[in-house]
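Colleague: Dropping the sequence and predicted coords here.
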Amino acid sequence: PGIKKEDVNVSLTDDTLTISGEKKKEEKVEKKNYFRLERSYGSFTRTFRLPVEVQTDKAKAKFKNGVLEIRIPKTEEAKKREKTVKIE
């Protein structure tokens with residue numbers, strides 16, 4: 001078992017996206033003549049600077065099968081500045 005949805009936090013400012021959470025792992029082994037229980041915990045934080053202005057109020061996050069997907073639409077001003085580059 002990996003990270004669960006409940007163990008992940010996503011926060012967003014004007015130009016920064018931060019993903020943080022905690023990893024928890026427990027391993028239990030029961031044999032005839034011994035019992036072993038190992039627990040490990042670890043926290044993580046990743047911060048990304050967003051390359052363009054985004055609409056923070058329209059951000060959406062989805063967590064499915066251990067994959068976190070975050071979608072943040074660009075502002076109209078950022079879309080206007082976007083240019084298509086011709087491929088030669």
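Modeller: Good, I have the coordinates. Numbers count the residues shown, from 1 in each chain.
Colleague: Now do the same for the residue of the chain positioned farthest from its centre: helix, strand or coil?
Modeller: Most distant residue from the mean C-alpha position of the chain: residue 33, 42.1 Å away (CA atoms, centre = their mean). Here residue 33 is recorded as coil under DSSP: H, G, I helix; E, B strand; the rest coil.
Colleague: Could you check how far the helix or strand of the chain with the lowest mean pLDDT is from the centre of its chain?
Modeller: Lowest mean confidence among the helices and strands of the chain (mean pLDDT, DSSP states H and E): helix 76-81, at a mean of 83. With CA atoms, centre = their mean, to the nearest Å as the basis, helix 76-81 stands 26 Å off its chain's centre.
Colleague: wait, isn't residue 35 in contact with residue 27?
Modeller: No - the criterion here is CB atoms under 8 Å, and residue 35 misses it with residue 27 at 11.8 Å. From N, CA and C alone the C-beta is placed, and that goes for glycine too.
Colleague: quick one on the thing from earlier: show the model's pLDDT score for the residue farthest from the centre of the chain.
Modeller: With respect to pLDDT, residue 33 scores 89.
Colleague: same deal with the one 3 residues further on?
Modeller: Residue 36 carries a pLDDT value of 89.
Colleague: How about the secondary structure of it?
Modeller: Here residue 36 is recorded as strand under three-state DSSP.
Colleague: Would you agree it is in contact with residue 26?
Modeller: No - between residue 36 and residue 26 there is no contact under CB under 8 Å: 11.2 Å.
Colleague: Once you drop chain neighbours, what's closest to residue 56?
Modeller: In this structure, residue 56 finds its nearest non-sequential neighbour in residue 12, 5.0 Å apart by CB to CB, 6 or more residues apart in numbering.
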